[in-house]
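Engineer: missing the sequence, but the structure's below:
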């Protein structure tokens, strides 16, 4: 319970400090992803999440220790070390989505369209899977169950 309160306090400080920055600068801190991942972790109360809650707290500590604007290399390193493991856990436990999913839908849509074109000799293609992918991603963004690098 104490960990949850610490995370909530750190998240509030994180939001307050980064609201002063431009949208482009906030992306380097993975602003919206961090908020969604943190809230997703806080909604789970089991012993498995303790490791990932420590990752989030370490991420907040690392961000605080940076003076000035974060570099792209540091941003990617922080994402890989702290946010990505949390996101992968939430993909399994809370059905979070990432931007990579849309690539899967695009590729499967192109493949499906080619199969339709080949077998049924259509003069047009139907981007069905691409549309389904965009709809699923939008729903997850609205539910705040989405994370991605620089998002």
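Structural biologist: Perfect, I can see it now. Predicted model only: the values in this text are computed from it and were never measured.
Engineer: Output the lowest mean pLDDT helix or strand found in this protein.
Structural biologist: Least confident helix or strand of the chain, by mean pLDDT, DSSP states H and E, is strand 97-98 with a mean of 72.
Engineer: Work out the sheet partners of it and label each with its direction, please.
Structural biologist: strand 146-147 (parallel) (DSSP bridges).
Engineer: So what does residue 67 look like in phi/psi?
Structural biologist: For residue 67, the backbone dihedrals (degrees, to the nearest 10) come out as phi -100, psi 130.
Engineer: quick one: pLDDT of it?
Structural biologist: Per-residue confidence (pLDDT) for residue 67: 75.
Engineer: Can you tell me how far it is from residue 5?
Structural biologist: 27 Å (C-beta to C-beta, to the nearest Å). In this view, the C-beta of every residue, glycine as well, is placed from N, C-alpha and C.
Engineer: about what we covered before: which residues touch the least confident helix or strand of the chain?
Structural biologist: 87, 91, 136-137, 140, 145-148 (C-beta atoms under 8 Å, 6 or more residues apart in numbering).
Engineer: and this structure, what are its domains?
Structural biologist: 2-94, 100-136 (automatic domain parsing).
Engineer: tell me how far the ends of the longest one are from each other?
Structural biologist: This points to domain 2-94. 22 Å (C-alpha to C-alpha, to the nearest Å).
Engineer: ok now it, how far from the chain's centre?
Structural biologist: Distance of domain 2-94 from the chain centroid (C-alpha atoms, centre = their mean, to the nearest Å) equals 10 Å.
Engineer: average model confidence for the helix of greatest length in the chain?
Structural biologist: The longest helix of the chain (DSSP state H) is helix 100-120. For helix 100-120, mean pLDDT is 76.
Engineer: Any buried residues in that helix, and which?
Structural biologist: Neighbour-count burial for helix 100-120, counted by 16 or more other C-beta atoms under 10 Å, picks out 101-102, 105, 109, 112-113.
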